[in-house]
Structure formats: C-alpha cells, structure tokens
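Student: Have a look at this prediction, sequence included:
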Amino acid sequence: MAQPLDDQQIDAALANLPGWRRDGDALTKTYRCKHFREAFSFLTRLAFECEEYNHHAEIHNVYHTVTLRLSTHDAGDRITQKDLDLATAIEHFNWLKP
C-alpha cells in the first residue's frame, strides 16, 4: 500500500512540476487545448501513460479544456509518490501549455 506524503515532500515536488498545484489531498492541473481534437489526442496519450504507471487520473474534459486530478485511492485518496511520478511523466510527454 502506498504511503501518503507529508506537506514538505509535496511542496518540494510541486516546485518541479510547473502548473500543478495542490487542491486538498490531490494534485491538479488544467490544460487548455486549441480544440476538442487536440484535447482528445492529449487524453489518448494520457491513457497510455496511466496504464504504464498503473495509476489513473481523475479526468474532466469539456470541449478544449482538460483538468486532471491525481490522488492515490489505496492511500485514502491522499497524495503519494505514485501521483508525483505520474505528474512528472505527464510533463515529460506533454506538448500542451497550461
């Protein structure tokens, strides 16, 4: 079972994740795409990354706006290293600007 991170660990990690922020016990980021097709392409790529990490984002998509929310269910819906790892992976493939 994944262990929740403390505030200092989370704050330190967020310093290296541009556009990501803490919202309660989750990490969030919103992406604004040019159009729906670009948003859907981003989501398709995201699906592969989530499967690779065996960790899945909560996703909200409306037209060209995609909001991701990461927390670890088996840690009581709190932020763990799994969330930071997935957010970092998303940043490495992301071609969108927040």
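Tutor: On my side now, so go ahead. Computed from a predicted model, the values in this text were never measured in an experiment.

Student: what does the average pLDDT come to for stretch 13-24?
Tutor: On average, the pLDDT along stretch 13-24 is 97.

Student: Run the chain-centre distance for that stretch.
Tutor: In terms of Cα atoms, centre = their mean, to the nearest Å, the gap separating the centre of stretch 13-24 from the centre of its chain is 9 Å.

Student: For it, C-alpha coordinates in CSV please.
Tutor: What follows is stretch 13-24, C-alpha atoms only, in CSV (Å, rounded to 0.1, in the frame of the first residue of the first chain):
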residue,chain,number,x,y,z
ALA,A,13,7.9,18.1,-5.6
LEU,A,14,5.5,20.8,-6.8
ALA,A,15,8.4,23.2,-7.3
ASN,A,16,9.5,20.9,-10.2
LEU,A,17,6.0,20.5,-11.7
PRO,A,18,5.0,23.7,-13.5
GLY,A,19,1.3,24.4,-13.4
TRP,A,20,0.5,21.6,-11.0
ARG,A,21,-1.0,22.6,-7.7
ARG,A,22,-2.3,21.1,-4.6
ASP,A,23,-6.1,21.0,-4.1
GLY,A,24,-6.7,19.5,-0.7
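
Student: What lies in contact with that stretch?
Tutor: 5, 10-11, 27-30, 69, 79, 84, 87-88, 91, 98 (Cβ atoms under 8 Å, 6 or more residues apart in numbering). (Glycine included, C-beta is placed from N, CA and C.)
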